[in-house]
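In: Just a sequence and a predicted model for now, questions to come.
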Amino acid sequence: MDNTNQKKAIIHSEIALFLRGLIIGKVLTLIVIGGLLWWLLKPNLLSRNSVDSSNQNSNTVPNNGNNRSTFQTVANVPTDSFNYGGSTAWASIRQLVDTQIQSDRPELKLRYIDPVNSSPGSSSGIRMLLDGQLDFAQSSRPFTDEEQAIAKERGFTLEQRQVGKDGIAVVVNPSLNVSGLTVDQLQKIYLGQITNWNQVGGPNLPITPFSQQPKDADTVIFPSNSDLKNQALGSNVQYVYSTTEAVRQLRKTPGGVYYASARSVVPQCSVKALPLGGTFSQLISPYRQPMVSPEQCPRQRNQLNTQAIKNGSYPIPANLFVIIKQNKGREQQIGDAYAKLLLTDQGQKAIEQAGFVGVR
């Protein structure tokens with residue numbers, strides 16, 4: 001091989017080596033750049049995958065907050081003006097909840113009607129419903145067999161729809177030194193069988209029981225299945241028109257006692273609620289501990305012991321019922337609609353804001 005050909009072979013060999021090195025270098029460079037880009041973009045990719053997964057979950061799992069039943073979601077609410085009435089314990093519901101209902105459902109007009117010749121209460125409200133003076137009634141007790149019998153005689157029946165829970169509290173003058181009462185003692189006080197506070201561990205002081213007339217009573221301490229329900233109250237019982245009047249009387253009667261809706265009387269400044277129980281070892285206060293003294297009130301007020309009422313440990317419950325006239329007419333339609341409104345999530349929350357315990 002001459003020198004010229006030898007030089008050409010050497011040049012071709014060097015060019016081949018150069019090109020091979022160049023290609024390998026570019027490949028390595030691309031690998032390094034690709035790896036660097038992947039490392040830099042990895043957090044964004046993970047974040048995007050996380051967001052996509054979250055979006056998929058949000059599409060498949062419903063938002064419970066959007067499924068809340070409200071006053072707006074209740075169907076078949078009649079458009080008209082309706083009369084209602086009954087329990088005085090429902091006063092805070094009428095002020096707070098019914099106002100919200102009529103604001104959200106302006107087509108519905110509710111008009112509270114007081115009884116003419118008796119005091120307002122569960123009993124008078126049911127009686128007015130039976131007599132056609134109300135379209136539905138609010139009650140702090142279940143209707144009785146006698147009331148259902150009257151309804152059937154008049155061509156319809158009664159239905160009760162529970163929408164809340166309350167309790168019956170016993171209140172006395174704040175100066176009275178009594179640790180509490182059993183349910184049996186309370187009943188005997190109103191039957192006239194216990195007449196002095198020293199018979200239940202208190203001072204030597206005559207007992208003055210205050211009560212609404214039984215025919216107008218808002219709450220009851222003798223269950224409908226009790227043999228005591230038809231017994232006459234003691235001759236020392238003094239009758240009052242309302243809880244407001246009873247509280248006023250207790251303020252000036254050291255030996256006075258009264259029972260009513262716990263929600264109505266527990267926050268009052270001028271009376272003291274007593275713990276109640278099946279026995280003295282089971283006394284439960286109707287208010288949340290610690291008790292607020294009269295000197296602290298009204299800056300602070302005693303609050304309802306909702307926990308004891310909710311778990312059923314409080315000895316005298318008082319459930320809240322909408323009493324509906326089952327007559328296939330406008331009364332049944334509004335009674336059913338009103339109960340449904342109160343049983344919505346919004347209605348139950350409002351009932352608790354009014355100081356009671358919900359049932360859902």
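Out: Received it, and whenever you're ready, just let me know what you need. Numbering: from 1, shown residues only.
In: R68 and Q346 touch, don't they?
Out: Yes. With contact defined as C-beta atoms under 8 Å, R68 reaches Q346; the gap is 6.9 Å. Any C-beta I mention is one placed from the backbone N, CA and C, and that applies to glycine too.
In: Could you pull up the residues touching the residue nearest to G234 when sequence neighbours are not counted?
Out: Distance criterion C-beta to C-beta, 6 or more residues apart in numbering; nearest residue to G234, sequence neighbours excluded, is G192 at 2.2 Å. In this structure, G192 makes contact with L233, G234, S235, N236, V237, judged by C-beta atoms under 8 Å, 6 or more residues apart in numbering.
In: and Q303, how far is that from V171?
Out: As judged by C-beta to C-beta, to the nearest Å, Q303 and V171 stand 15 Å apart.
In: So if I had to pick from these two, which one is more boxed in?
Out: Neighbour count, other C-beta atoms under 10 Å: between Q303 and V171, V171 has more, with 27 against 14.
In: Which element, helix or strand, includes that one?
Out: Element membership for V171 (DSSP states H and E) is strand 157-172.
In: Wait, a helix at the residue nearest to G234?
Out: No. G192 is assigned coil when assessed by DSSP: H, G, I helix; E, B strand; the rest coil, not a helix.
In: Give me the distance between it and T70.
Out: 50 Å.
In: And for Y241?
Out: 38 Å.
In: same question, I113
Out: 27 Å.
In: And the contacts of G192, which of them are buried?
Out: Using 16 or more other C-beta atoms under 10 Å as the burial test, those include L233, G234, V237 as buried.
In: Among those residues, which are located in strands?
Out: In strands, defined here by DSSP state E, there are no members of those.
In: Name the nearest of these relative to V292.
Out: The nearest member of the buried ones among the contacts of G192 to V292, counting by C-beta to C-beta, is V237 at 29.2 Å.
In: Let me see the contact set for the closest one.
Out: Y190, G192, P209, F210, S211.
In: And the last one, how close does it get to N236?
Out: From S211 over to N236 the distance is 11 Å, taken as C-beta to C-beta.
In: before we move on, what about the third one?
Out: Distance of P209 to N236, given as C-beta to C-beta: 6 Å.
In: Common neighbours of those two, please.
Out: In contact with both P209 and N236: no residue, using C-beta under 8 Å, 6+ apart.
In: lowest-pLDDT helix or strand in this structure?
Out: helix 3-60 (a mean of 46; mean pLDDT, DSSP states H and E).
In: got the phi/psi numbers for the residue nearest to G234?
Out: Note on G192: backbone dihedrals following degrees, to the nearest 10 are phi 80, psi 10.
In: just K109 next, same as before
Out: Torsion angles, degrees, to the nearest 10, at K109: phi -120, psi 120.
In: separation between the nearest residue to it once chain neighbours are set aside and Y112?
Out: Nearest in space to K109, with sequence neighbours left out and distances taken as C-beta to C-beta, 6+ apart, is S81 at 3.9 Å. Here the criterion is C-beta to C-beta. By it, S81 lies 12 Å from Y112.
In: Kindly report the same for E352.
Out: 22 Å.
In: all strands in the stretch 51-200 of the chain, in order from the N-terminus.
Out: In the stretch 51-200 of the chain, the segments counted as strands under DSSP state E, counting those that start in this stretch are 80-86, 108-112, 136-139, 157-172, 181-182.
In: Any chance of JSON lines for those strands, columns mean pLDDT and distance to P290?
Out: Converted to JSON lines, the strands of the stretch 51-200 of the chain look like this (pLDDT from 0 to 100; distance: least, C-beta to C-beta, whole Å):
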{"stretch": "strand 80-86", "mean pLDDT": "97", "distance to P290": "34"}
{"stretch": "strand 108-112", "mean pLDDT": "96", "distance to P290": "36"}
{"stretch": "strand 136-139", "mean pLDDT": "98", "distance to P290": "33"}
{"stretch": "strand 157-172", "mean pLDDT": "98", "distance to P290": "17"}
{"stretch": "strand 181-182", "mean pLDDT": "98", "distance to P290": "20"}
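In: Quick check: which of these is nearest to F356?
Out: Per C-beta to C-beta, nearest to F356 of those: strand 157-172, 4.4 Å.
In: So what's the gap between the closest one and the chain middle?
Out: Distance, stretch centre to chain centre, for strand 157-172: 12 Å (C-alpha atoms, centre = their mean, to the nearest Å).
In: With stretch 182-201 instead?
Out: 32 Å.
In: Equivalent analysis for stretch 126-142, please.
Out: 22 Å.
In: Can you give me the end-to-end span of that stretch?
Out: 10 Å (C-alpha to C-alpha, to the nearest Å).
In: so what's F143 up against?
Out: Here F143 is in contact with I126, L158, Q160, F321, I323 (C-beta under 8 Å, 6+ apart).
In: Count the residues that sit near the first one.
Out: Which is I126. Counted with other C-beta under 10 Å, I126 comes out at 29.
In: And it, how far from A89?
Out: According to C-beta to C-beta, I126 and A89 sit 14 Å apart.
In: re earlier: so for the residue nearest to G234, what's the pLDDT?
Out: The model reports G192 with a pLDDT of 97.
In: hang on, isn't G234 packed against T208?
Out: No. Counting by C-beta under 8 Å, G234 does not reach T208; the two are 10.6 Å apart.
In: Neighbours of the nearest residue to N302 once chain neighbours are set aside, how many?
Out: Once flanking residues are discounted, N302 sits nearest to Y287: 4.0 Å by C-beta to C-beta, 6+ apart. When neighbours are counted by other C-beta under 10 Å, Y287 registers 21.
In: contacting residues around S140?
Out: With C-beta under 8 Å, 6+ apart, S140 has these contacts: S87, A89, W90, S122, D166, D218, T219, S261, A318, N319, L320, F321.
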